[in-house]
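Give me the fold of what follows.
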Amino acid sequence: MAAGISLTFLGTGTSVGVPVIGCGCAVCGSHDLRNRRLRASVWLQAGALNLLVDSGPDLRQQALRAGMRELDGVLYTHAHLDHVAGFDDLRAFCWRRHEPLPMHGTAECLATLRQMFGWAFAADNLHHGYVKPDPRVVDGPFCYGPMRVTPLPVEHAAVATIGYLFEQPGARSLAYLPDVKRIPAATMALLRGVDVLVLDALRPARHPTHFSLDEALAAAAQSGAGETWLTHLGHENEHTQLTRALPPGVRVAWDGLKVSLAALA
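You can find the predicted model right below:
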């Protein structure tokens, strides 16, 4: 991957994944691997830097499939189970570290993680091999070396939810918003002209807490993104059929897809 700057889609599915347990629909029974979707998560690589966005319940399977070995930080969008339930599998990335693993999220999200996984945050968590979190409240932009990370507040259900904007010299900008029902004006202002936009598009029909396809397409057009990838997809979406229905510049992401973020020539 050019310049070592890339985005890997570890999972592109909604909270129940695809196939859905007990479902016999055409998408759940499809032999096209692009219709098999683990819970939504991405892995961002920039040189030696490795960042994970969300640790969902499929993290072990995703990490093994993608060949992940090290992490420099975990960025959480919100504390719904499909984005945090793989927390314990993060211990595999703590074995090779001397320092605790930075974990970024809203104050509400980190408080939920403390409640769910209190043993990891306890002062007496001194055993080698356990998850060692370094909780960091996201209340504004922060940096990993030359990479600037800006939180993107959005509306999604009743929990504090954010996406992230990644900017680094020599790379295309990336905005990742996997769970969203409404993008506030201040956040849309940050998205305008972004090079690569990854956006929630749960299903064609309207949903109370997620973008429908039409809502996602409208947001992508409003942002002026150079390239848009749809994620957090339910089994109402057949990959090939959905791809054919999309306007230029918008594509359907799939598990294992790697997108170069190196600056275009």
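
tell me how far stretch 75-87 is from the chain's mean position?
10 Å (C-alpha atoms, centre = their mean, to the nearest Å).

So for that stretch, mean pLDDT?
Averaged across stretch 75-87, the pLDDT comes to 98.

doesn't Phe9 make contact with Ala66?
No: using C-beta atoms under 8 Å, Ala66 is not in contact with Phe9, being 9.3 Å away. C-beta coordinates here come from the backbone N, C-alpha and C atoms, glycine included.

Between these two, which contacts overlap?
By C-beta atoms under 8 Å, 6 or more residues apart in numbering, Ala66 and Phe9 have these common neighbours: Gly256.

quick one, which of the two is more surrounded?
Taking other C-beta atoms under 10 Å, Ala66 and Phe9 do not tie; Phe9 has more neighbours (23 against 16).

residues contacting that one?
Contacts of Phe9 (C-beta under 8 Å, 6+ apart): 42, 229, 231, 253-259.

Reformat the residues you listed as JSON lines; add pLDDT, distance to Leu71 and secondary structure.
Output for the contacts of Phe9, formatted as JSON lines (pLDDT from 0 to 100; distance: C-beta to C-beta, whole Å; DSSP: H, G, I helix; E, B strand; the rest coil):
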{"residue": "Val42", "pLDDT": "98", "distance to Leu71": "13", "secondary structure": "strand"}
{"residue": "Trp229", "pLDDT": "98", "distance to Leu71": "22", "secondary structure": "strand"}
{"residue": "Thr231", "pLDDT": "98", "distance to Leu71": "20", "secondary structure": "strand"}
{"residue": "Ala253", "pLDDT": "98", "distance to Leu71": "21", "secondary structure": "coil"}
{"residue": "Trp254", "pLDDT": "98", "distance to Leu71": "23", "secondary structure": "coil"}
{"residue": "Asp255", "pLDDT": "98", "distance to Leu71": "19", "secondary structure": "coil"}
{"residue": "Gly256", "pLDDT": "98", "distance to Leu71": "18", "secondary structure": "coil"}
{"residue": "Leu257", "pLDDT": "98", "distance to Leu71": "20", "secondary structure": "coil"}
{"residue": "Lys258", "pLDDT": "98", "distance to Leu71": "17", "secondary structure": "strand"}
{"residue": "Val259", "pLDDT": "98", "distance to Leu71": "19", "secondary structure": "strand"}
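
Could I get those in TSV, plus columns for distance to Glu238 and neighbour count?
As requested, these are exported to TSV (distance: C-beta to C-beta, whole Å; neighbours: other C-beta atoms under 10 Å):
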residue	distance to Glu238	neighbour count
Val42	22	26
Trp229	17	24
Thr231	15	28
Ala253	14	25
Trp254	12	21
Asp255	15	27
Gly256	18	17
Leu257	17	17
Lys258	22	12
Val259	22	19
